[in-house]
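Trainee: Below: sequence and its predicted model.
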Amino acid sequence: MSEEEPRQAGFWATFKAVFWSFAGVRKRNDYQRDAGSLNLKALIVAGIAGGLLFVLAIVAFLKLVVRV
């Protein structure tokens, strides 16, 4: 019997998984499915991009509120 390898998720699917992980909203079933299909390189890039966007959004919000 030959086992099929799980299909690799694309970049946008990886970015979506990282976004929902940042938000803290993940179903166990989705997490397990993503764990087998996410590409490590795309996951790292999406994580860095998501973190950068998060920091930039906070800085922009604080500049808007404080108006230095």
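Mentor: Nice, thanks for sending it over. Residues are numbered from 1 along each chain as shown.

Trainee: tell me which element A17 is part of?
Mentor: Element membership for A17 (DSSP states H and E) is helix 11-23.

Trainee: Could I get the full set of strands for this protein?
Mentor: Assigned by DSSP state E, the strands in the chain number zero.

Trainee: Show me the shaky parts of it.
Mentor: For the chain, the stretches flagged by pLDDT under 70 are 1-7, 68.

Trainee: Could you report the distance from the nearest residue in space to G50 that is not next to it in sequence to L64?
Mentor: For G50, ignoring the flanking residues on the chain, the nearest one in space by CB to CB, 6 or more residues apart in numbering is V18 at 4.8 Å. Using the backbone N, CA and C atoms, a C-beta is placed for each residue, glycine as well. Noted for V18: a distance of 25 Å to L64, by CB to CB, to the nearest Å.

Trainee: Same question for G24.
Mentor: Distance, G24 to L64, by CB to CB: 24 Å.

Trainee: any chance you could map the helices in this structure?
Mentor: Counting by DSSP state H, the chain has these helices, from start to end: 11-23, 28-37, 40-66.

Trainee: elements contacting the first one?
Mentor: Counting contacts by 3 or more CB pairs under 8 Å, 6 or more residues apart in numbering; DSSP states H and E, helix 11-23 is packed against helix 28-37, helix 40-66.

Trainee: what comes up buried for it?
Mentor: Within helix 11-23, the residues scored as buried using 16 or more other CB atoms under 10 Å are 13-15, 17-18, 21.

Trainee: angle of the helix holding A17 against helix 40-66?
Mentor: In terms of direction (axes from the mean of the first three to the mean of the last three CA atoms, to 10 degrees), helix 11-23 departs from helix 40-66 by 50 degrees.

Trainee: Cheers, nothing more for now.
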